[in-house]
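A.B. asks: Sequence first, predicted coordinates after that:
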Amino acid sequence: MNALANLYRKDKAALLLDASNRSTATRSVRGLLHKLCSLTDDTLRKLWHDAGFDNSLCLAAVGGYGRGELYPYSDVDVLLLLPEGVSPEQDEGLKTKIEAFIGSCWDTGLEIGSSVRNVDECIHESSADITVQTSLLEARLIVGSADLFKTFQTRFDQAMDPQAFFVAKTLELRQRHTKFENTPYSLEPNAKESPGGLRDLQVILWVAKAAGLGNSWDELARKGLATPFEARQLKRNEDTLALIRTRLHLAAKRREDRLVFDLQHAVAKSLGLGLEEDGSLNARVASEALMKRYYWAAKAVTQLNQIVHLNMQEWLFQEATAHPPRPLNAFFTDKSGTLDVVDDDVYQRHPEAILQTFLLYQETVGIKGFSARTLRALYNARGLMDAAFRRDPVNRATFMQILMQPSGITHAIRLMNQTSVLGRYLWVFRRIVGQM
C-alpha cells in the first residue's frame, strides 16, 4: 500500500510540476486533465484488485471524473455497482471489503467520493434527485463486470426523460445564476459556477447527451444545434476557462474555483501575463490582463450558451413551439413569444435593424425575449457596430427612443449588455445619464 501511495503521489506531483512549467496555450490543458484521469484510473484498478472483489461487481467513474477529465485537486467521484440481490448490509464480508477499499483510496491520496448501489437503486435515486441523475449520466466503467455496467447503462437510458431533464437543468441553471447575481462580471468570479463559467457549458452537453444528440460541440454542430463557427468558439472559450481553473488549483494547491483577489496575481503570473520589457512583473497589469481574458471568455459563453440552449429547447419541444410566426414589420416576427429575425442576414443587409430589435422588444406586448436565430444574428453582427454605425442619425435616433420608452429601459439595457450591443453605446449612455 505504501509503495502504491508513494508512486501515485510521485506521478501526480510530476504531472502538476510539468503542467506548471509548460506552455500556457489553452490547448495544453486538456492533456493534463486526461493524464490526471488516466493516472487515477490506473491507481483505482490496482486498489480494486488488491481488495479482492469478485467479477460480478464493477467500479465506475461518475460526475466530472466520468467525463474523463480531472482537475488537479477535484474530488474523485466513483460508483461501486452491485448486482441485484447483493447487499453489503447482508454480506459482512463484502461490507468489510468495501470499507477497506474506500479506506485504501484515501490512504493512497485519492480524495474519493463514493456511493454503493445496485442498478435498481441507481434508477430510483436518479429519478428522485437531479444531481444524482446528472452524475450518473456521465458514468464510465473503470474496472469490473462490463455486463453489469452495460445493464446499468441500458436501464438508465430507458428511464431518462430528456424533456423533464431539460426543464430541471434549466431551473437549476437559473437558480445558480441568481445566486451569482446573474452576471459574469463579479469581481471574484467562480470559473466553474458563475454565469458564463464551465458549468453553463456542461449543462448544454448534459442535456445533449440525455437527448441522444451527442457528447461534443462538433456533434451538436452536425445536428444543426450550433454552427461550425459557434462550435469552434465554444471549444476555444471552454479551454480558456479550463486553463484558468487549472491554474487556480495549482496556485492554491487545493480545490479552489474562485478567482479571489489573493490568487489573481499568482494565476496571472503563471500564465505569463503582465511581464514588462525587462522581464519584471507588473502585478496590477497582470491581474487586469487575467480578468480581461476571463471576462471575454465568460461573456462569449453566456451568449453562445443562450443560442444553443434555445435551439435545444425548440428541438425537444417541437410540438409545443410549433405556432405560425406573426409578422411584426419587415425585419421581425413574433415566434411563440420571442422576437425572431425574418432571415439570418437581416442585420448584414439592414444594420439599422440592430437597435430596432431592442426598441421593438420594448414596444411589443407579449414578447418575452429573443429567439435563438435573433441571438445568433446579433452575435454575428458585432463587427457592424463601428464608429460610422454610431454616427448614423437613424441609429442615434433609435437609441434615444430606447432610452425614452415609458415602459422603462432596464430589461432592454440588460439585453443590450448581454448581446454585446451596449458596449458600443456605453459612452453615449453614460453621457446621457450624466445630463439627467
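C.D. replies: Received, thanks. Numbers count the residues shown, from 1 in each chain.

A.B. asks: What ranges does the chain have for its strands?
C.D. replies: Per DSSP state E, the chain carries strands over the ranges 58-61, 76-82, 112-118, 140-144, 326-327, 332-335, 338-341, 369-370.

A.B. asks: Can you say which of the ones you listed is nearest to residue 8?
C.D. replies: strand 76-82 (11.3 Å; CB to CB). Where C-beta positions appear, they are placed from N, C-alpha and C, glycine not excepted.

A.B. asks: just checking, what packs against that closest one?
C.D. replies: helix 28-51, strand 58-61, helix 63-66, helix 92-108, strand 112-118, helix 119-128, helix 146-159 (3 or more CB pairs under 8 Å, 6 or more residues apart in numbering; DSSP states H and E).

A.B. asks: what's in contact with the third one?
C.D. replies: Contacts with helix 63-66, where a contact means CB atoms under 8 Å, 6 or more residues apart in numbering, come from 37, 40, 60, 70-71, 74-78, 113, 134-135, 138-140.

A.B. asks: Most neighbours of all those, which one?
C.D. replies: Ranked by neighbour count (other CB atoms under 10 Å), the contacts of helix 63-66 have residue 78 at the top, with 27 neighbours.

A.B. asks: Which residue comes closest to it once chain neighbours are left out?
C.D. replies: Of all residues not flanking residue 78 in the chain, residue 114 sits nearest, at 5.3 Å (CB to CB, 6 or more residues apart in numbering).

A.B. asks: The nearest residue to residue 193 once chain neighbours are set aside - how many residues pack around it?
C.D. replies: Distances taken as CB to CB, 6+ apart place residue 199 nearest to residue 193, at 5.3 Å, with adjacent residues excluded. Residue 199 has 21 neighbours, counted by other CB under 10 Å.

A.B. asks: Which residues lie in contact with the closest residue to residue 217 other than its chain neighbours in this structure?
C.D. replies: Residue nearest to residue 217 in three dimensions, not counting chain neighbours: residue 231, with 4.1 Å by CB to CB, 6+ apart. Listed by CB under 8 Å, 6+ apart, the contact set of residue 231 reads 217-218, 220-221.

A.B. asks: how far away is residue 231 from residue 274?
C.D. replies: 32 Å (CB to CB, to the nearest Å).

A.B. asks: Then residue 162?
C.D. replies: Remark: distance between residue 162 and residue 274 (CB to CB) = 46 Å.

A.B. asks: do residue 92 as well
C.D. replies: Distance from residue 92 to residue 274, by CB to CB: 60 Å.

A.B. asks: which one of those two has more residues nearby?
C.D. replies: residue 274 (19 against 9).

A.B. asks: per-residue pLDDT, that one?
C.D. replies: Listed pLDDT for residue 274 reads 76.

A.B. asks: That one - nearest residue in space that isn't next to it in sequence?
C.D. replies: residue 286 (2.5 Å).

A.B. asks: wait, doesn't that neighbour sit right on residue 268?
C.D. replies: Yes. The pair residue 286 / residue 268 is scored as a contact, 3.7 Å apart, by CB atoms under 8 Å.

A.B. asks: Which one's more surrounded, those two?
C.D. replies: residue 268 (28 against 22).

A.B. asks: Return the residues in contact with that one.
C.D. replies: 274, 286-287, 289-290.

A.B. asks: Which parts of the longest helix belonging to the chain count as buried, going by neighbours?
C.D. replies: Counting residues, the longest helix found in the chain (DSSP state H) is helix 283-316. For helix 283-316, the neighbour count (16 or more other CB atoms under 10 Å) marks 286-287, 289-291, 293-294, 297-316 as buried.

A.B. asks: same question, stretch 153-163
C.D. replies: 156, 160, 162.

A.B. asks: Residue 27 and residue 370, how far apart?
C.D. replies: To residue 370, residue 27 is 33 Å away according to CB to CB.

A.B. asks: Which of the two has more residues huddled nearby?
C.D. replies: Per other CB under 10 Å, whichever of residue 27 and residue 370 has more neighbours is residue 370, with 26 against 11.

A.B. asks: Next, the contact list for the more buried one, please.
C.D. replies: Under the criterion of CB under 8 Å, 6+ apart, the neighbours of residue 370 are 338-340, 357, 361, 378, 415, 419.

A.B. asks: What of residue 212?
C.D. replies: residue 162 are the contacts of residue 212 under CB under 8 Å, 6+ apart.

A.B. asks: how near is it to residue 310?
C.D. replies: Distance, residue 212 to residue 310, by CB to CB: 19 Å.

A.B. asks: can you check residue 176 too?
C.D. replies: 18 Å.

A.B. asks: which residue sits closest to residue 169 in space, ignoring its chain neighbours?
C.D. replies: residue 203 (5.3 Å).

A.B. asks: Residue 211 now?
C.D. replies: residue 162 (3.9 Å).

A.B. asks: where in the protein is pLDDT low?
C.D. replies: Scanning the chain with the threshold set as pLDDT under 70 gives 1, 23-26, 275-281, 319-322, 422-436.

A.B. asks: what about 80?
C.D. replies: 1, 22-28, 274-283, 319-323, 407-410, 420-436 (pLDDT under 80).

A.B. asks: List the residues that contact the closest residue to residue 266 other than its chain neighbours.
C.D. replies: Nearest residue to residue 266, sequence neighbours excluded (CB to CB, 6+ apart): residue 251, at 4.1 Å. Contact analysis of residue 251 by CB under 8 Å, 6+ apart lists 263, 266-267, 270.

A.B. asks: Can you list which of those are found in helices?
C.D. replies: 263, 266-267, 270.

A.B. asks: out of those residues, who has the most neighbours?
C.D. replies: Result: residue 267 is most packed of the ones in helices among the contacts of residue 251 (other CB under 10 Å), 28 neighbours.

A.B. asks: quick one, what contacts it?
C.D. replies: Residue 267 touches 244, 247-248, 251, 259, 290, counting by CB under 8 Å, 6+ apart.

A.B. asks: Fine by me, thanks again.
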